[in-house]
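Novice: Have a look; sequence and predicted model below, questions after that.
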Amino acid sequence: ITNIFECYVGNYILVNKTQNPNYKDNACMVKFGPNDNNNYEQIIASMYDINNVVIEDVKQTRQIYDSIAQNITAIIFVIIIFSGILAIIVIYNLTNININERIKEIATLKVIGYHQSEILGYIYREIIFMSIVGILSGFLIGPILNYFVMDKISNPGQYYLTNLVYYHYLIAFVISLVFVLLILLLFIPKIKKIKI
């Protein structure tokens, strides 16, 4: 073996006849030139007419796997939406419990003369802290889960990349923060309605 190359669709061993003269051909790789791309369909059709030859059209295979990847992308978006809804429900309940247990404290702070922004900061500080801890925990556990899922859906003929790039973390952070801020905005009127 002189070199290893990454191939995400299929498994191939490429052998040069000069390196191994005893090797018998069982497959040939045909590389199209720049002029052949114009007649691609005709060339492939004529190859399919040859008897006792199995043709693997890499372009067609790539189109099939691209459509599979698009379906996986749609599933990922559904998972993101439902995990967002779950996050909203959890944060909503935590904030609601927090406010209901502190109604007397909030009323007392209003009597003392605290401004609305100070009262909101007092209540929301804990929720924001817990949310950031949850997001950072997700950054630690997320890559492990990502590797586990991608490894399970990969097979010998098709491999999915398991690496995460910095902007994946940034997108996850922003989406989570947007959900938290939406919930916090929903509770501002409730806190304002608490009577002294």
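Specialist: Thanks, I have it. Numbering: from 1, shown residues only.

Novice: correct me, but residue 130 touches residue 94?
Specialist: Yes: counting by C-beta atoms under 8 Å, residue 130 touches residue 94, with 7.2 Å between them. The C-beta positions use only the backbone N, C-alpha and C, and glycine is treated the same way.

Novice: How about the secondary structure of the most centrally placed residue in the chain?
Specialist: Of all residues in the chain, the one closest to the mean position by C-alpha atoms, centre = their mean is residue 76, 6.1 Å from it. With DSSP: H, G, I helix; E, B strand; the rest coil as the basis, residue 76 sits in helix.

Novice: okay, now residue 77: neighbour count?
Specialist: Counted by other C-beta atoms under 10 Å, the residues lying close to residue 77 total 10.

Novice: wait, residue 87
Specialist: Neighbours around residue 87, by other C-beta under 10 Å: 19.

Novice: Which helix or strand contains it?
Specialist: For residue 87, the host element (DSSP states H and E) is helix 58-101.

Novice: what pLDDT, on average, does that helix get?
Specialist: Mean per-residue pLDDT for helix 58-101: 82.

Novice: What of stretch 7-26?
Specialist: Stretch 7-26 comes out at a mean pLDDT of 71.

Novice: OK, contacts around residue 127?
Specialist: The contact partners of residue 127, taken as C-beta atoms under 8 Å, 6 or more residues apart in numbering, are 91, 94-95, 98, 180, 183-184.

Novice: Filter those residues down to the buried ones, ChimeraX style.
Specialist: Here is the ChimeraX command that selects only those of the contacts of residue 127 that count as buried (16 or more other C-beta atoms under 10 Å):
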select :91,95,180,183,184
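
Novice: Could you identify the most distant pair in the contacts of residue 127?
Specialist: Using C-beta to C-beta, the pair of the contacts of residue 127 lying farthest apart is 98 and 180, separated by 13.4 Å.

Novice: So which elements touch the helix holding residue 87?
Specialist: helix 116-153, helix 166-192 (3 or more C-beta pairs under 8 Å, 6 or more residues apart in numbering; DSSP states H and E).

Novice: next structured bit after that helix?
Specialist: helix 103-112.

Novice: any idea of the angle that next one forms with helix 166-192?
Specialist: Helix 103-112 and helix 166-192 are oriented at 70 degrees to each other (axes from the mean of the first three to the mean of the last three C-alpha atoms, to 10 degrees).

Novice: Contacts for helix 103-112, please.
Specialist: In contact with helix 103-112 (C-beta under 8 Å, 6+ apart) are residues 99, 118-119, 122-123, 191, 194-196.

Novice: what comes up buried for that helix?
Specialist: Buried residues in helix 103-112 (16+ other C-beta under 10 Å): 106, 109-110.
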